[in-house]
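Chemist: sequence first, then the predicted structure, then my questions.
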Amino acid sequence: METTAQQITDYIERFRRGDRDGAFFSLLEMEHGILPQLMEVFRHELDGRVREFLVEVIWQHRQPSVIPFLGEALHDSEPLVWRQALDGLATMASPASLETLRNVRPRQQIGKLRLWLDEAIYQVESEISRHK
């Protein structure tokens, strides 16, 4: 039987070869215990497309434990990566994701990320207040 690390490597290679859906759903179906390994792979990955893919897989597991990681991914130089992190934080709409968004916002200058952060903060605030 393959090790988890080998499975992750194989699925990322499937993504690189163009089988995005197969790789995505295979990683999503794995136990949540793979999340720390996926985050570590992200931190060493040079290809922005792969980093974006990893961020999406990670947040789609919908585990609150990944919120700090998504905050970290907001600092990525690739817009597709930080947009994916914003999507995850907005989708998980919790006090923790709101705090993460608010903590990142003051450090951003005027620009696309700042505008997207404002929109995500508004969405999360609205979602939280809707469930009160």
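Modeler: Received it, and whenever you're ready, just let me know what you need. Numbers count the residues shown, from 1 in each chain.
Chemist: now the most centrally placed residue in the chain: how far from Thr100?
Modeler: Centre of the chain computed as the mean C-alpha position; nearest residue by CA atoms, centre = their mean is Val55, 3.2 Å away. Using CB to CB, to the nearest Å, Val55 is found at 14 Å from Thr100. Using the backbone N, CA and C atoms, a C-beta is placed for each residue, glycine as well.
Chemist: okay, and the common contacts of these two?
Modeler: Common contact partners of Val55 and Thr100 (CB atoms under 8 Å, 6 or more residues apart in numbering): Leu70.
Chemist: what distance separates the helix or strand of the chain with the lowest mean pLDDT from the centre of its chain?
Modeler: Counting by mean pLDDT, DSSP states H and E, the chain has its least confident helix or strand at helix 112-130, which shows a mean of 90. Computed by CA atoms, centre = their mean, to the nearest Å, the chain-centroid distance of helix 112-130 equals 16 Å.
Chemist: got the buried residues for it?
Modeler: Residues 113, 116-117, 120-121, 123-124, 127 are the ones in helix 112-130 that count as buried (16 or more other CB atoms under 10 Å).
Chemist: next: stretch 40-51.
Modeler: Neighbour-count burial for stretch 40-51, counted by 16+ other CB under 10 Å, picks out 41-42, 45, 50-51.
Chemist: which of those residues lies closest to Asp19?
Modeler: Val50 (13.2 Å; CB to CB).
Chemist: could I have the CA atoms of the host helix or strand of that closest one written out in CSV?
Modeler: Assigned by DSSP states H and E, Val50 falls within helix 48-60. Extracted C-alpha coordinates of helix 48-60, given in CSV (Å, rounded to 0.1, in the frame of the first residue of the first chain):
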residue,chain,number,x,y,z
GLY,A,48,1.8,29.2,-8.5
ARG,A,49,-0.8,27.0,-10.2
VAL,A,50,0.0,24.1,-7.9
ARG,A,51,-0.1,26.4,-4.9
GLU,A,52,-3.5,27.6,-5.9
PHE,A,53,-4.7,24.0,-6.3
LEU,A,54,-3.4,23.0,-2.9
VAL,A,55,-5.0,26.0,-1.2
GLU,A,56,-8.4,25.0,-2.8
VAL,A,57,-8.0,21.4,-1.7
ILE,A,58,-7.0,22.4,1.8
TRP,A,59,-10.0,24.8,2.4
GLN,A,60,-12.5,22.5,0.7
